[in-house]
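[1] Next one to model:
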Amino acid sequence: MMPLTESAATRSPHGIHRVAVLSLHTSPLEQPGAGDAGGMNVYVAHLCRQLRELGMAVDVFTRVPASQPARSVTATPGVAQPHVIVHHLPAGPDSATKDDLYRFVPEISQQIRDFYRGRPTPDAIHSHYWISGLAGLEVRRDLGAPLIHTMHTLARVKMRDDPSAREPAVRVRAEDRLAAEADVLTANTSTECAELHELYHAPSGRVAVVPPGVDRTVFTPHGPSRWLPSHERWKVHAGRHSAPQPPLRIVFAGRLQPLKGPQLLLEALSVAARMAPQERFEVALIGHPSGAHTLRMDRLLPGPTGPVRAELIPPVPATELAAWFRGADLVAVPSFSESFGLVAAEAQACGTPVLANRVGGLKHVVDDGATGQLLTGQSAVQWARWLVEVARDRSRLQLWGKQAALHAHRFDWAASARELARLYRVPKLEPCTA
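    Alright, predicted model coming up:
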């Protein structure tokens, strides 16, 4: 393996100078919404930058296929030391899926050990998702650093919330082990904290709530907005003499997989069109198919005529995503399971209300009835009724949007990083309550 670039040592006022971050199945440099990249990529990227702002040198380890060379990329070029450096570790074939990667954990763990041979070891190891957690358990003793682990999603919760979800037994066993053996577990919300205790029997006092943040330099109500190009067929649909109300503009942003629920949204729009044929709806679905159970979006999209217009948009950078949020009347988050719901937080920061399922972290991110609406039961009919109701009452959406922008100030990456710095230094925690 080619030599990897060493991060600069530095002095940190928090007593933590170097952190090893393990994000093996997906790199923080990847575009969210494509492949296996999603909210976790945003989480890792922003927290690493904020840890650097606190004076820590951060080495991020991610896996690439064995056909690619080992390489290191400085994720914070042009800034003063210390840096965030992403190290790409080759292991496994190109065809390996996310669920295959646990087979290569011993090989990847050895490469991490080799990296630190002759270098200063990290003061803390922070692993993300169960595959990285297994590697963290392997290298923790050799590096002499505590292991802080963030699950991001939980297999038992996904299978509980979505009866069609199937998770490999090896993942459940790995999460059980991490719940028992990690020095610290971080949860996005008090709900996830309770799930770690109840479903995984995580020891009391070893779980801390660290809410994710929002980049409010990008996700803000002020800035350009973007929407689908005008469509002549609305004039025909409205009739020759009427002055039609603009269509209700909806954004879905995320991976196009059953767990994220784009199929539920499209079914609900079809039902809404039958309930209220005078109303019109436009939806921009921003993302790519992902996972083993991908959706045939070509079969789900409505036809070119009728009161519903839907278009697929490839994943876009954060600045463009913010413009889409600002151009929408409503952001839909029809997920069957969400440990946090970063899209909902970012949409609200743009002053756009959210319609979401009442699951997981969304119960904490959306202020129900004030910044949007939470629906129970994952019912297309219930979703349709609410879509029709807000289409007829745009003033409610405007009020929710104003309140959403204020509500989003509670989500702060810098505060998240400060709490993590405390956890890296002091693994003994007070029990959390739901």
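
[2] Let me see the contact set for residue 182.
    133, 136, 137, 147, 148, 149, 206 (C-beta atoms under 8 Å, 6 or more residues apart in numbering). Where C-beta positions appear, they are placed from N, C-alpha and C, glycine not excepted.

[3] where do the strands sit along the stretch 51-200 of the chain?
    Along the stretch 51-200 of the chain, the stretches classed as strands by DSSP state E, counting those that start in this stretch are 57-64, 71-74, 84-90, 124-128, 147-150, 184-187.

[4] and these as a markdown table, adding mean neighbour count?
    Compiled in a markdown table, those are given as follows (neighbours: other C-beta atoms under 10 Å):
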| stretch | mean neighbour count |
| --- | --- |
| strand 57-64 | 25 |
| strand 71-74 | 15 |
| strand 84-90 | 22 |
| strand 124-128 | 27 |
| strand 147-150 | 26 |
| strand 184-187 | 25 |
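
[5] looking at the ones you listed, which one has the lowest mean pLDDT?
    Of all the strands of the stretch 51-200 of the chain, the minimum mean pLDDT falls on strand 71-74 (a mean of 90).

[6] Dump the strands of the stretch 51-200 of the chain to TSV, plus distance to residue 303.
    Formatted as TSV, those follow (distance: least, C-beta to C-beta, whole Å):
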stretch	distance to residue 303
strand 57-64	41
strand 71-74	44
strand 84-90	44
strand 124-128	41
strand 147-150	43
strand 184-187	44
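
[7] Please identify which of the ones you listed is closest to residue 412.
    For residue 412, the closest of the strands of the stretch 51-200 of the chain is strand 184-187, at 15.6 Å, according to C-beta to C-beta.

[8] one step back: residue 296 is nearest to which of the strands of the stretch 51-200 of the chain?
    Closest approach to residue 296 among those (C-beta to C-beta): strand 57-64, 29.2 Å.

[9] what's the spacing between residue 314 and residue 251?
    Distance of residue 314 to residue 251, computed by C-beta to C-beta, to the nearest Å: 14 Å.

[10] Could you point out which of the strands of the stretch 51-200 of the chain sits nearest residue 385?
    strand 184-187 (33.0 Å).

[11] Tell me which of the strands of the stretch 51-200 of the chain lies nearest to residue 163.
    Using C-beta to C-beta, these put strand 184-187 closest to residue 163, at 23.9 Å.

[12] tell me what that closest one is packed against?
    strand 147-150, helix 190-200, strand 207-209, helix 413-425 (3 or more C-beta pairs under 8 Å, 6 or more residues apart in numbering; DSSP states H and E).

[13] Quick one: closest of the ones you listed to residue 45.
    helix 413-425 (9.7 Å).

[14] Export the contacts of residue 182 to CSV and append columns for distance to residue 330.
    Converted to CSV, the contacts of residue 182 look like this (distance: C-beta to C-beta, whole Å):
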residue, distance to residue 330
133, 36
136, 40
137, 43
147, 41
148, 37
149, 35
206, 39
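
[15] From these, pick the one nearest residue 106.
    Of all the contacts of residue 182, residue 106 sits closest to residue 137, with 11.4 Å by C-beta to C-beta.
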